[in-house]
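> Dropping the sequence and predicted coords here.
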Amino acid sequence: FRSQFLYFIERLGPPHPPLCVKNKLRYQKERKKKKKKKMNYREQLVDLYTAYRPDLLSQVDTLLEKFKGREQELLRRCRDRYAYEKTRVPREAGKLGDLIDELVDSCEEDSLTKAKRSKAVEVLERAFRAWTDDPTSRCLLYGSVAYEGHLPKSDTDLLCVTSSPKTPAEFISEFGQFLVQYREQDAHNHQRPPYCTEADILPIPNAMPPLLQIRIFDIDHDVLFSRVVGFPLP
């Protein structure tokens, strides 16, 4: 397949970059130009969200208020989530082949990260069941992680499903605080420390749909909520 793909690239020329790649390249080019200028954190966040997530531009001021005093950490997390510095558009078929090999190598996740990702999902499901007081509540994987097409630094997409009377608004406003205080017992009946802090919880109520960004074991999770009534959960 690789040889056939390169053959068509040599005959027809490299493909036109999709819009998302153009936006990334434009952002990176403008960022290099502005490195000589001192930009405040808000301007940098506005530039980043304009290039990658224009639908969340209205959240910039809220994010800055939540991360007051930790703006550098906020900027780093946003760049890790949206801006991949290695993204580039190949100009020749040979470079395209090298890029394909590089992407294939970078897609493999080590066993430690896999274990941390799996454990984080289990912790979130137990905490979600405790918060809803519903033992049938589930945290279901979807997206690239569910289909094993993710990169090592990809976030985990989760859908929290319950038949309890909890609402999406309560989930956005309450579950993060519950998770910060959530503690479990180890094999010796000693309480473990919380799995995350308030800095690891980021509610985004104006997203479509609303979601919680949660960081556990150094892995980011985009968590959605859904209430299911009338049939058993999967």
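Structure's in. What do you need?

> where does the nearest residue to R70 once chain neighbours are set aside land on pLDDT?
Nearest non-adjacent residue to R70, counting by Cβ to Cβ, 6 or more residues apart in numbering: A199, 6.9 Å away. To be clear about C-beta, it is placed using only N, CA and C from the backbone, and glycine gets the same treatment. At A199, the model reports a pLDDT of 87.

> just checking, A199 touches L74?
No - contact between A199 and L74 fails when scored by Cβ atoms under 8 Å: they sit 9.4 Å apart.

> Strand partners (parallel or antiparallel) of the strand ranked longest in the chain?
The single longest strand within the chain, with elements called by DSSP state E, is strand 219-227. Sheet pairing for strand 219-227, assigned by DSSP bridges, gives strand 156-162 (parallel), strand 211-216 (antiparallel).

> Save those strands as a markdown table, and put in mean neighbour count too.
Below are the strands paired with strand 219-227 laid out as a markdown table (neighbours: other Cβ atoms under 10 Å):
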| stretch | mean neighbour count |
| --- | --- |
| strand 156-162 | 22 |
| strand 211-216 | 21 |
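
> Which of these sits closest to E122?
strand 211-216 (10.3 Å; Cβ to Cβ).

> And the contacts of that closest one?
120, 123-124, 155, 171-172, 175-176, 179, 195-196, 200-204, 220-224 (Cβ atoms under 8 Å, 6 or more residues apart in numbering).

> When you filter those residues down to buried only, what's left?
With burial judged by 16 or more other Cβ atoms under 10 Å, the buried subset of those is 120, 123-124, 155, 171-172, 175-176, 179, 195-196, 200-204, 220-224.
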